[in-house]
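1. sequence and predicted model, in that order:
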Amino acid sequence: MAKKTIRLKAKEAKGITTVKALMEHAMESGNRKDKKTGKKIPGHFIQEVVCETGGKTVMTALWGGGVSKNPYLSFQFKGAAKGDVLKLSWVDNQGNSDSLEAKIR
């Protein structure tokens, strides 16, 4: 089984669900040079993060090389209830992806 790269928590209070996610990823911008060879290090970064619950997308983020290594994401939305399943997934510019589901507490 592949290593999971996402930590995900979701908590509902007074009709608002707060989602906190930590994604493990190198997030290489493509602008740095290798100190030994002087050649540019190829870009490798998360391009899209999608969060959905109940068959509806509640958040989409489109990222580029300017996002830091191991990005943390936090957002809020209305319309979910405790016990609902939340799914967060990402895709990077090299075709790698990961997803994780968590119950809203």
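-> Nice, I can see it.

2. who's in contact with K103?
-> By Cβ atoms under 8 Å, 6 or more residues apart in numbering, the contact list for K103 reads A10, G83, D84, V85, L86. Every C-beta, even on glycine, is put in place using the N, C-alpha and C of the backbone.

3. model confidence over stretch 25-43, on average?
-> Here stretch 25-43 scores 93 as its mean pLDDT.

4. which member of the contacts of K103 is positioned nearest T60?
-> Minimum distance to T60 across the contacts of K103 is 14.0 Å, recorded for L86 (Cβ to Cβ).

5. from M27, how far out is the closest one?
-> As defined by Cβ to Cβ, to the nearest Å, L86 lies at a distance of 23 Å from M27.

6. of these two, which one has the most company?
-> L86 (23 against 20; other Cβ atoms under 10 Å).

7. for that one, give me its contacts.
-> By Cβ under 8 Å, 6+ apart, the contact set of L86 is L8, A10, T17, V19, C51, E52, T53, A80, E101, A102, K103, I104.

8. how about the contacts made by the third one?
-> By Cβ under 8 Å, 6+ apart, the residues touching T17 are A10, K11, Q76, F77, K78, G79, A80, L86, I104.

9. check which helix or strand it maps to.
-> Here T17 sits within strand 16-23, counting by DSSP states H and E.

10. within its sheet, name the partner strands of that strand and how each one runs.
-> For strand 16-23, the paired strands and their directions (DSSP bridges) read strand 6-13 (antiparallel), strand 72-78 (antiparallel).

11. with just CA atoms, put that strand into PDB.
-> What follows is strand 16-23 as a C-alpha-only set of coordinates in PDB (Å, rounded to 0.1, in the frame of the first residue of the first chain):
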ATOM      1  CA  ILE A  16     -20.300  25.600   9.500                       C
ATOM      2  CA  THR A  17     -17.800  22.900   8.700                       C
ATOM      3  CA  THR A  18     -14.200  23.700   9.100                       C
ATOM      4  CA  VAL A  19     -11.700  21.600   7.100                       C
ATOM      5  CA  LYS A  20      -8.000  21.400   7.900                       C
ATOM      6  CA  ALA A  21      -5.700  19.400   5.600                       C
ATOM      7  CA  LEU A  22      -2.000  18.900   5.500                       C
ATOM      8  CA  MET A  23      -0.500  17.500   2.200                       C
END
